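Undergrad: quick one, fold the following:
(2 chains)
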Amino acid sequence: MKKDNSNNVWIGELDLKRDPEFMENASNEFKDTPLFEMLGEEGVLTNQKSSRRDFLKFLGFGVGAAVVAAGCEIPVKKAIPYVIRPEEIVPGLATYYASSFVRSGDYCSILVKTRDGRPIKIEGNESSEVTFGGTSARAQAEVLNLYNTNRNKSPLKKEGDAYKQISWKELDDEVMKGLKNGGSIRLVSHTNMSPSSSKLHSEFAASFADAKIVYYDPVSYAAVLRANELTVGQRALPEYRFELADLIVSFNADFLGTWGSPIENAHRFMKNRKPDDPKNAKMSRLVQFESHMSLTGSNADNRILVKPSEQSSAAVALYNKVASLKGAGKIKALPLNEKAKKAIDKLGSDLVKAEGRSIVLSGNNFVGEQIIINAINHLLGNFNKTIDFTHADLTRQGDESGLAGLVKEMETGKVSTIIFLDCNPVYDYAGRETFREALKKVKSRVSTAYSLDETANVCDLVAPNHHMMESWGDVQPKRGHYSLIQPVISPLFDTRQAETSLLFWAGKAQGVKEEVYFNYLKANWTSLIPGDFFPGQTFENRWNQLLKEGVVKASVSQISVAFKGNVNDAVSMLPKTGNTPIEISFYETVNIGNGQYAENPWLQEMPNPVDRTVWGNHLAIPIRFDGVNRYESLNNLKDGDIVSVELNGQKLEVPVVRAFGQMEGTVSLALGYGRSNAGMVGTGVGVDANAMLSVKDDLTVYFGEQVLISEKIAKDKDFASVQYHHTMGLKAADGTTGEQINADERELVDDFWKNFTSGFQGALTERSIIYQSNLKELDDKTKSLAEKRAKFKKLNDAQIYNGYDQNYALGHHWAMHIDLNACTGCGACTIACMAENNIPVVGKHEVHRHHEMAWLRIDRYFYGDFENPNVVYQPMLCQHCDNAPCENVCPVNATNHSQEGLNQMAYNRCIGTRYCANNCPYKVRRFNWLDYTTADIMKGNEPALHLGNKEYNEESLVFGSDNLTRMVLNPDVTVRSRGVIEKCSFCVQRLQEGKLNAKREERKLTDKDVRTACQMACATNAISFGDRNDEESVVTKKMNSPLSYYVLEEVNVRSSISYSMKVNNRDTELNA
Amino acid sequence: MIAPVSKIREPLVYGHKTYHQITEDLVAPTEKAPSLSWMLVFIPALVLLVFGVFSIYWTIYVGIGTWNLNKTINWGWDITNFVWWIGIGHAGTLISAILLLFRQKWRTGVNRAAEAMTIFAVMCAGLFPLIHMGRIWDAFYIMPYLNTRGPVWPNFNSPLLWDVFAISTYLIVSLLFWYTGLVPDLATIRDRSAGLRKKIYDFFSLGWTGAAKHWQRWEYLSLILAGLATPLVLSVHTIVSFDFATSVIPGWHTTIFPPYFVAGAVFSGFAMVQTLMLISRKVLNFEQYITLNHIESMNKVILTTGSIVGVAYLTELFISWYSGYIYEQFAFFNRALGPYWWAYFGMMFANVVSPQFFWSGKIRRSVGWTFFLSILINIGMWFERFVIIVSTLARDFLPSSWSFYSPSWVEIGIYLGTFGLFFTMFLLFTRVAPVIAIAEVKHILKTSGDQYVGKDAEIQH
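TA: Below you'll find the predicted structure:
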């Protein structure tokens, strides 16, 4: 008996003998297909004698076979039960693993929620002292990226224009052949904040004669890093302690949205922005210098409008003011607009008053300006107090000068191998045209791309990386703060972690690919990483503890910095101030970054927090009031009009959006869109503004002068914005009398009536939706709020049906409080809600038709002066009214009230009359207009996700129609079918779980047991949730605050969500 | 019911008709081959019906998303059309029931057609609440029936449920009334026909022999049904108005809606009866039965109800101002001057201004003017429902959700389809049953025939 019958099962004698013919047949079960073979042979059909009869026979057989085959199809059920239950998995119970979200400089310490082995949700890790349990929209959406249908599923080799699947062995052979050929080897990567991986990179480089790694960031931080290195000796971003600052001045740094470490920044910033006692209210003031309204600008108390080219001039002016007050030497002033000059005059003295309790920072990519900013902070004594380098931020360490150097090297032809580690310079590097050309001279081009992006498309070999959730790794986002990445699912496809690939290619490891890097990592932690974490235990215990916690803080030596720079030299490094009629600035959005997130449909469908548009970038143009009735804009453009924008010979056709807060004489456009290779979701969405970036002194310049904007050339027929009306009573001067009038209320009338009427004054300002106050008048405003609320209460109590309040006096009475002061509008909660509640993505065309499905939206209103408005973000979701107007109108009782005060939906009972949605004062109910989830019984009626995207009109798929994407669905939440209404459930599945946990543990339920997805996602703790009947609960306390109010309280729907009054600390003198 | 009639009263039947002539004239359309003019109307009606059926199929197959409704405006043309058709269906019952109780003889010229119109209009109306559902296949959930789901009952608090009862009751009573009136006439046709035709009419005339007992019972049944139907005239549109009045949305939440809706319904119903009757009397040669007197009487009703509607509109405006409630004030400001101002002013002109022309006797008795104004009023009443539903929803409490709406081809297709259904049914009806109640016209001949009363009277009682 031959021994190679591995499983000792044989079929008869021939099998035992390993007869070659038998073996051949056995491996090819369906080998005998004589009919088709016969048909396939040449001449068989034509040489047949009685061909007509045979034709009929074939026809009959063919049709018959097809009918039988079609009729006999049995639906494949893919549920496979466990025969032996894995130790950690209890069906129906979620398991959480601590890990880290890392992507091109974005970092978040997370817990990954898995159900039955599938990661389905990301939560913030509250043990982290970097992100404090908060998350961002980007982090929340990462779980969907694991199930990206466009991800590379095996190693690929380019042949002609197509990619061929190859095995890892073939790929390794090819790569190693290239590596051994001699010549220079270059690795290109975004900032790598992993200590082990960095070590591996250097070891990899050391194992070849001439190998180097080039780090860069998709949006450059090179100037600030260089300036910090030059003047304070630290090549890192500092830790900004916003919670200690009273006055924060930011030059174009969107630190709450995208710049630096936004989750941490938002958390720290908002600590000092929550006044709760109206008598002694205190909060910091944020002053933002910018032309385009960024997320940070929208949260600022004062915005000082300067053109992009004037940013450095403003920094110089501020330096001079501070220097004159502090007795330091002045530097050469640069031209600046008068309003800004006046504002800086006041701001400078305020800063000096807040010495050591202020922060000045800049997001501009000019070394000279960054040096001046450091000099200002130095004069104000902010270093080592509010700006600290001990726990310096290490998330951005790249410098695009490396890429410029690399281009030169490639042009000489000395680079023989280039390896791109999950980065996409062919798209996101400003000098990409020359880069792409130079790249052609490199013999061996390898990418570890997760999906076939623009860079992978010009590579010959693709060694696809694991997703973060399939990988091992460590991160050091800040000096002394470490966290781990651990796999939470076995690799879905034949991919391999990039670090493993490098180890293999450098010949440093062999063996099972899933273990190689894990061993390396662990070894690194035994020896290199500070050994003082979780002291006093064996390494294994400490390692396990670390895996459980996800984060560890090591003690690091205190670093005090002293400023040693030359401000006069810095001025000479500054760019010349232009004087062109229109300037354009380029910025990164909260959702898409510089294209890294373009493949994620949740993020594409998440509205840009500031301009509220989705699925694409739009040229923001300023709005002016004509003094009578109308807002006017550049070239009389309307939202969605397409214009041609020309800058430095580059032309783009882009739809416009009229943007309040955009400075007159400037426009702005988001980066990261218009990707040409971003799969079904990202390809062709928006326009590629990276084409317009320029490089100066090896630094990317994020604005342009001499921009030409055409008249309207077309209309975006699918212009998608989730909010048509944006304002809550903006003020402007009347053209004839000069008095302050409410400009938007005049704008409300139809064009036809503009000449006859001047609007309805009070239409917006007196609505009981947003209450806002300046810090100074907070005491008065809370009093008037109390009076108003007393009036509402009197009205509401005067009715024949009393006693609502007694209905919920027993048991739980769920309630939420949303602090409008703490909300930055970042949108993390909206993505968390999508992930938790299986909310479908509907695509641009459907959002254009106002069919978006988000249960939780963030309304954004402007108020104040129309030119320079303040902004309030209001998360709006089902208010779970105890006297709900939706409930009594449903003819079939599909929406009804629980005894715990929840407004609940029985989807199966809903017949879709939409009466409830009409009768909802908050308009939070969402109807499944079409078969968005493919859950419908009828086939072939699903709307295409990309209806309207010209690149994908033909082969568009319904989002979530494939089994891969469906893996992200939360099994605790029903997937709704076409024709039913849905809405926020207060995450009832979490409430049930929390109640059961408390009951099983025989204790009282606490706030910690019941936390909604939105609440947990929030980096600034703007959302509190709990039991209103529990006096101890946070929500009860917050609801009793004098700042709290209910939206539309006088309608007497008795909502369960209270909001707190928005307080701004605007200094009116700054914008006089 | 023959009572002495003053000789100076205007006659209601012209042409010195005898009983036999009346029979000949009124049965004629059912016995002749369809005329060219009938075909010219019937074929387009059928085409519209087919288009409507396809639009409904498309709605059900693809989803409500084929309509242009959105998260803010969840009802648009669907419910506008529903209320409009229901309103049109009001004249029938009013004419048959209330005018019967008030012994208005002129009703006999128009009651049959008006009742038929009611039934077809209610059928068109009833279609919309059904197909506007996201899941029409589960529409039976709204019926209160014993079930094993708990049992789960419908929500008796919901005005939509009241609608279901109100409309189905109305349809049933109207149908009975109409059919009761038809029985003697069907028997008349039966007696004139032979073969299969005779068998069919024999079946539907329920064994009518014309015995005195039959007539007596028939009279009683008519009276009882009139008594049942009279409250329905008021209740149906009152309940339809509750769909809006019981909500919390400013512009909907008003107590004036029930009387305002009922007046509007009678107003639009009479306008539609005018439109139809003016065409029918021309096409079917019924000028001597549907006289200028009939037209004038109906125009008077239109003038009255139109004025009531006008007062209601102005009251609404006053109350919104007087309420001192910002949302209410804004809702009406927005109706008049917001993006849908044209609908508001179209409604104001067509419903309030145009019926005022009927103060002039000449215009009241002018066929051309009446026809033109009746069309205008029908458009105006459609605008009224559109204004109430769409312009109110478009801008309600939260400015962030404000939105705009215009219909898709599917919605237009369904609306046109209901016209197709209505006219197809009506035209078929003119082919199978007398459009004017033969028995009832004969009933009043001796009191209102022009040989008995009026200036040409020859015969003395």
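Undergrad: now stretch A:571-588: mean pLDDT?
TA: Averaged over stretch A:571-588, pLDDT sits at 86.
Undergrad: same question, stretch A:364-378
TA: 93.
Undergrad: likewise for stretch B:370-385?
TA: Averaging pLDDT along stretch B:370-385 yields 94.
Undergrad: quick one: secondary structure of residue 248?
TA: Just going to use chain A. Three-state call for A:Ile248 (DSSP: H, G, I helix; E, B strand; the rest coil): strand.
Undergrad: verify the stated contact: it with A:Ile359.
TA: Yes: assessed by CB atoms under 8 Å, A:Ile248 is found in contact with A:Ile359 at 4.8 Å. Just so you know, the C-beta spots here come from the backbone N, C-alpha and C atoms, and that holds for glycine as well.
Undergrad: okay, residue 21: pLDDT?
TA: Defaulting to chain A. What the model reports for A:Glu21 is a pLDDT of 68.
Undergrad: ah, I was thinking of chain B
TA: Taking B:Gln21 on its own, its pLDDT is 87.
Undergrad: residue ranges with poor pLDDT in the stretch 351-461 of chain B?
TA: In the predicted model of the stretch 351-461 of chain B, residues B:459-461 satisfy pLDDT under 70.
Undergrad: what residues does it have near chain A?
TA: Contacts of the stretch 351-461 of chain B with chain A, taken as CB under 8 Å from any CB of the partner chain, map to B:Leu393, B:Arg395, B:Asp396, B:Phe397, B:Leu398, B:Pro399, B:Ser400, B:Ser401, B:Trp402, B:Ser403, B:Phe404.
Undergrad: in the stretch 51-200 of chain B, what residue lies closest to chain A?
TA: At 2.0 Å from chain A, B:Gly134 is the closest residue in the stretch 51-200 of chain B, using CB to the nearest CB.
Undergrad: can you verify my assumption that that residue contacts A:Ser977?
TA: No: with contacts defined as CB under 8 Å, B:Gly134 does not count as touching A:Ser977, sitting 9.1 Å away.
Undergrad: give the residues shared as contacts by these two.
TA: A:Asn928 (CB atoms under 8 Å, 6 or more residues apart in numbering or on different chains).
Undergrad: and the helices in the stretch 151-300 of chain A?
TA: Counting by DSSP state H, counting those that start in this stretch, one finds helices in the stretch 151-300 of chain A at the ranges A:168-180, A:195-206, A:222-232, A:262-271, A:295-299.
Undergrad: quick revisit: SS state for the residue of the stretch 51-200 of chain B closest to chain A?
TA: coil.
Undergrad: so who does it touch?
TA: A:910-914, A:927-928, A:978-981, B:63-64.
Undergrad: rerun that using 6 Å as the cut-off
TA: By CB atoms under 6 Å, 6 or more residues apart in numbering or on different chains, the residues touching B:Gly134 are A:Gly912, A:Gly979, A:Val980, B:Ile64.
Undergrad: how about A:Phe101?
TA: Going by CB under 6 Å, 6+ apart, A:Phe101 touches A:Cys108, A:Ile110, A:Ala139, A:Glu142.
Undergrad: what is the nearest of these to chain B?
TA: Within the contacts of A:Phe101, distances to chain B taken as CB to the nearest CB reach their minimum at A:Ala139, with 26.0 Å.
Undergrad: just how off-centre is the host helix or strand of that closest one within its chain?
TA: In this structure, A:Ala139 sits in helix A:137-146 according to DSSP states H and E. Relative to the mean C-alpha coordinate of its chain, helix A:137-146 is positioned 8 Å out (CA atoms, centre = their mean, to the nearest Å).
Undergrad: go on, stretch A:681-690?
TA: 16 Å.
Undergrad: helix, strand, or coil at the closest residue to B:Gly15 other than its chain neighbours?
TA: Of all residues not flanking B:Gly15 in the chain, B:Gln288 sits nearest, at 4.0 Å (CB to CB, 6 or more residues apart in numbering or on different chains). What three-state DSSP gives for B:Gln288 is coil.
Undergrad: and the residues of the stretch 351-461 of chain B next to chain A, which two are furthest apart?
TA: Across those, the longest distance by CB to CB is 16.8 Å; it joins B:Phe397 and B:Phe404.
Undergrad: give me the more crowded residue out of the two.
TA: Between B:Phe397 and B:Phe404, counted using other CB atoms under 10 Å in any protein chain shown, the more crowded position is B:Phe397 (23 against 15).
Undergrad: wait, that one sits on A:Pro921?
TA: Yes: between B:Phe397 and A:Pro921 there is a contact at 4.6 Å, judged by CB atoms under 6 Å.
Undergrad: identify the contacts common to the two.
TA: Shared contacts of B:Phe397 and A:Pro921 (CB under 6 Å, 6+ apart): A:Leu1048.
Undergrad: near chain B, which residues of chain A show up?
TA: Contact residues (CB under 6 Å from any CB of the partner chain) of chain A with chain B: A:723-725, A:749-750, A:753, A:760, A:763, A:766, A:849-850, A:859, A:885, A:888-893, A:911-915, A:917-919, A:921, A:923, A:929-930, A:941, A:978-980, A:1048, A:1051.
Undergrad: and B:Glu411, how many neighbours?
TA: Residues lying near B:Glu411 (other CB under 10 Å) number 22.
Undergrad: same question for B:Leu223.
TA: With other CB under 10 Å as criterion, B:Leu223 counts 13.
Undergrad: wait, a strand at it?
TA: No: judged by three-state DSSP, B:Leu223 forms no part of a strand; its state is helix.
Undergrad: quick one: it from B:Ala97, how far?
TA: Note on B:Leu223: its distance to B:Ala97, by CB to CB, to the nearest Å, is 10 Å.
Undergrad: identify those among the contacts of B:Gly134 that sit within helices.
TA: Among the contacts of B:Gly134, no member falls in helices (DSSP state H).
Undergrad: closest one of these to A:Gly327?
TA: For those, the residue nearest A:Gly327 by CB to CB is A:Val980; the value is 70.8 Å.
Undergrad: name the nearest residue to that closest one, ignoring sequence neighbours.
TA: A:Cys910 (4.1 Å).
Undergrad: whichever residue of chain A sits closest to chain B: what's it in contact with?
TA: Per CB to the nearest CB, A:Gly912 is where chain A lies closest to chain B, at 2.0 Å. Applying CB under 6 Å, 6+ apart, one finds that A:Gly912 lies in contact with A:Gly979, A:Val980, B:Met133, B:Gly134, B:Arg135.
Undergrad: nearest residue to B:Leu101 in space, please, no chain neighbours.
TA: Once flanking residues are discounted, B:Leu101 sits nearest to B:Ala226: 5.4 Å by CB to CB, 6+ apart.
Undergrad: host element of that neighbour?
TA: Per DSSP H and E: B:Ala226 is located in helix B:212-245.
Undergrad: and the pLDDT at residue 190?
TA: Here I'm looking at chain A. At A:His190, pLDDT is 93.
Undergrad: please go with chain B instead
TA: 93.
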